[in-house]
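Participant: Whatever this is, show me its structure:
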Amino acid sequence: MKKNVVILSASPRRNGNSDILCDEFMKGATEAGHDVEKIFLADKNIKYCTGCGVCNTTHECVQKDDMKEILVKLLKADVIVMASPVYFYTINAQMKTLIDRIVPQYTNLSNKEFYFIITAAETDLNMMEKSIECFRGLLDCLENPNEKGVIYGVGAWQKGEIKGTKAMKEAYEMGKNV
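Facilitator: Here you go, the predicted structure:
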């Protein structure tokens with residue numbers, strides 16, 4: 001069955017390690033015949049949530065930025081891939097800002113498949129769970145989410161060091177098996 005896949009790349013660096021893994025996932029999913037779009041968050045204007053609460057009744061954010069178009073794509077997606085570099089054992093600010101801005105439509109993000117990609121210089125997978133728990137916190141608020149896989153791109157500090165690691169093959173295979 002053909003699926004609509006949206007990949008959210010929170011890398012602040014185009015072709016950074018987590019963005020490279022997004023491309024591998026996309027390559028596999030595209031080859032498998034799925035419709036795939038990667039959204040590079042650094043190219044988008046996404047303001048911080050102000051906590052005004054207006055969206056609780058209107059289901060629309062009062063801020064005028066790129067988040068509205070991203071939410072529309074997430075609502076149409078069957079599969080959502082969330083990728084972030086790990087900074088100080090958590091997801092980066094770009095991804096957290098996006099997650100916070102999902103509030104106007106989070107009750108409509110039901111029955112989606114989720115994949116998580118993280119990259120870090122750290123090699124201890126136990127330390128990476130702190131970052132994955134940030135993603136799972138979002139899933140705890142959604143109706144019937146389905147976590148399908150996690151890619152741990154560890155031991156990659158400098159840009160491009162993820163190339164040639166087992167995470168590259170894992171990203172491609174997970175994409176291929178969406």
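Participant: What about the residue lying farthest from the centre of the chain? Give its phi and psi, please.
Facilitator: What lies farthest from the middle of the chain is residue 57; by Cα atoms, centre = their mean that is 26.4 Å. Residue 57 adopts backbone torsions of phi -110, psi -30, taken as degrees, to the nearest 10.
Participant: Distance-wise, check it relative to residue 108.
Facilitator: Residue 57 is 15 Å from residue 108, where distance means Cβ to Cβ, to the nearest Å. Just so you know, the C-beta spots here come from the backbone N, C-alpha and C atoms, and that holds for glycine as well.
Participant: next one: residue 147
Facilitator: On the measure of Cβ to Cβ, residue 147 and residue 108 end up 19 Å apart.
Participant: what's the answer for residue 150, then?
Facilitator: Note on residue 150: its distance to residue 108, by Cβ to Cβ, is 25 Å.
Participant: For these two, work out which one has more neighbours and name it.
Facilitator: Higher neighbour count among residue 150 and residue 108: residue 150, with 19 against 13, using other Cβ atoms under 10 Å.
Participant: Apart from its neighbours in sequence, what residue is nearest the more buried one?
Facilitator: Of all residues not flanking residue 150 in the chain, residue 116 sits nearest, at 4.8 Å (Cβ to Cβ, 6 or more residues apart in numbering).
Participant: Now find how far off-centre the host helix or strand of the one you found is within its chain.
Facilitator: Element membership for residue 116 (DSSP states H and E) is strand 113-120. On the basis of Cα atoms, centre = their mean, to the nearest Å, strand 113-120 sits 6 Å off its chain's mean C-alpha point.
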